[in-house]
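Q: Quick one, fold the following:
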Amino acid sequence: MKISKKIYLLLLLLVLAGCGKNAPEPANPTNPDEEIPTNPVAGISGDLSAVTLTAGTTYTVTGDLNVPEGRDVPIPAGVTFEFNIGPRNEAWVIDVHGSLYVKGTAADPVVFTGSASALASDRNDGYGGLWGGIHAGRKAGDLVLEYAEVLHAEGIAREGTIMTTPESGGSGRLGAGDRGYALWYCRPADSRQDGVFILLNSHIAYTLDDAIRTNGGKTLMAHNVFEVVGLNGGEGVNIKAGAPGDYAFNLFYNIATNGLKSADTQAGERGILETNFYNNTIVNSGYRRAEAARGGSLNYESDAYGKAYNNLIVNSRYGLRLTSGEAKPRVASLSFGYNWHYGTVTDITENFYPTGANNPSNGLIGSELPIPTTDVIGAPGANDPLFVNYNVSTFAWAQRAKCKRNSSGFGFSSTCGIAR
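A: Next up, the predicted model:
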């Protein structure tokens, strides 16, 4: 799909202006005049605001990190956090009670990953779990990441962290032993409603479940890559109540369920879940969630609404899906079209929009609502998107559920149809 430079710039401006109607101020003030004590580079844990982070430096994380309430912590370009696995197999987390601003650049991203010993351990099966994740709880301010690499997260939750206490905000709260989230942001309806969650130009990869769960706060996610998300379930971004925002120009590759799912449920403020999905690309997704009627690209349900335009859906389980039955989205406030579909085989092309009374995957589009005439839909092999470095016809339908990282921990098996 080719986009002219003028159209691209216009769409980019729309992304940047997407939350502009109620443009929020940063939740916490900066503290430029405050002196912050310095910890050694090696072996950091505890209060992250008490660590002087130096651009371009690698820090080994040996325990949980936290951003205290009311404090804001900037992470400069080129910083790398390498998380060791704890002595009892603990997956260390970054718990955010204040505000966290990750300030990477294209040349020097900020990296969050497992340490060399963690990556070499038998715990590295290619689906993350080597450290916990970055979790902003109900008292947090802003969570902003630009040019970040968030890799191998979603280790098992432990007692006393944000995700296993009321600080999680209620919805999505985990028990000890549950899979975590790489990134978490929550604004319960009975809590403060300021603050923003922004993710730009970042790479989220290798997770056990949802890469991101958000339940409140104005959101912008654009120009990101989501890769190999979910062992046997999980969305690229699972959006719940109270989290309106724009999601654009993102690439979702090999996601267990959907790239983006929006549902006005759980603890956030109800009735405001306007989520706009446009210019996203979803490739080879939806196949590790075995249950019928469980997505594969873009999904609206449970009174969620918004606009879904100009998305590219390639060799994925389903196209844009509006859930039928009791979990219907707010159809009167939904608009969609100009989405491009490609499938290598008939099993894919016949399920761009599943229909039929006996089809458990049947959504509203194609049954109660017409398929947009502006969509690009064709037979197997038609409408090749002509990616520069990826031949879509190499997708191995028979091996789709096994599409995962290889045993070395790097690269992908050939069944994914992509080389890294």
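Q: show me the residues around the residue nearest to residue 191 when sequence neighbours are not counted that make contact.
A: Distances taken as C-beta to C-beta, 6 or more residues apart in numbering place residue 138 nearest to residue 191, at 4.7 Å, with adjacent residues excluded. Quick note: C-beta positions are derived from backbone N, CA and C, even for glycine. In this structure, residue 138 makes contact with 166, 167, 168, 169, 170, 186, 187, 188, 191, 192, judged by C-beta atoms under 8 Å, 6 or more residues apart in numbering.
Q: where does residue 138 fall, helix, sheet strand or coil?
A: When states are read from DSSP: H, G, I helix; E, B strand; the rest coil, the local structure at residue 138 comes out as coil.
Q: Any stretches of the stretch 151-300 of the chain with poor pLDDT?
A: By pLDDT under 70, the weakly predicted segments of the stretch 151-300 of the chain are 170-172, 290, 292-293.
Q: Please enumerate the helices of the stretch 151-300 of the chain.
A: Assignment of helices within the stretch 151-300 of the chain using DSSP state H, counting those that start in this stretch yields no ranges at all.
Q: mind listing the strands for it?
A: Listed from the start of the chain, the stretch 151-300 of the chain has strands (DSSP state E, counting those that start in this stretch) covering 183-186, 196-200, 203-207, 212-215, 218-222, 225-229, 237-239, 245-248, 251-255, 260-263, 275-278, 281-283, 298-301.
Q: so which of the ones you listed gets nearest residue 367?
A: Closest of the strands of the stretch 151-300 of the chain to residue 367 is strand 298-301, at 15.0 Å (criterion: C-beta to C-beta).
Q: Who are the packing partners of the closest one?
A: For strand 298-301, the helices and strands in contact under the criterion 3 or more C-beta pairs under 8 Å, 6 or more residues apart in numbering; DSSP states H and E are strand 260-263, strand 306-309, strand 321-322.
Q: Pipe those strands into a markdown table and attach mean neighbour count per row.
A: Written out in a markdown table, the entries for the helices and strands packed on strand 298-301 read as follows (neighbours: other C-beta atoms under 10 Å):
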| stretch | mean neighbour count |
| --- | --- |
| strand 260-263 | 26 |
| strand 306-309 | 21 |
| strand 321-322 | 28 |
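Q: Reformat those into JSON lines and put distance to residue 72 next to each item.
A: Listed next are the helices and strands packed on strand 298-301 as JSON lines, based on distance: least, C-beta to C-beta, whole Å:
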{"stretch": "strand 260-263", "distance to residue 72": "28"}
{"stretch": "strand 306-309", "distance to residue 72": "30"}
{"stretch": "strand 321-322", "distance to residue 72": "39"}
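Q: got the CA positions of stretch 93-106 in CSV?
A: Taking only C-alpha atoms (Å, rounded to 0.1, in the frame of the first residue of the first chain), the coordinates of stretch 93-106 have been written out as CSV:
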residue,chain,number,x,y,z
VAL,A,93,9.4,-5.0,38.0
ILE,A,94,9.4,-1.2,37.6
ASP,A,95,6.4,0.0,39.8
VAL,A,96,5.4,3.5,38.9
HIS,A,97,3.6,5.5,41.6
GLY,A,98,4.8,8.9,40.1
SER,A,99,5.6,9.7,36.5
LEU,A,100,8.1,8.0,34.2
TYR,A,101,9.4,9.6,31.0
VAL,A,102,11.5,7.4,28.8
LYS,A,103,13.4,9.7,26.4
GLY,A,104,15.2,7.5,23.8
THR,A,105,16.1,8.6,20.3
ALA,A,106,16.2,6.8,17.0
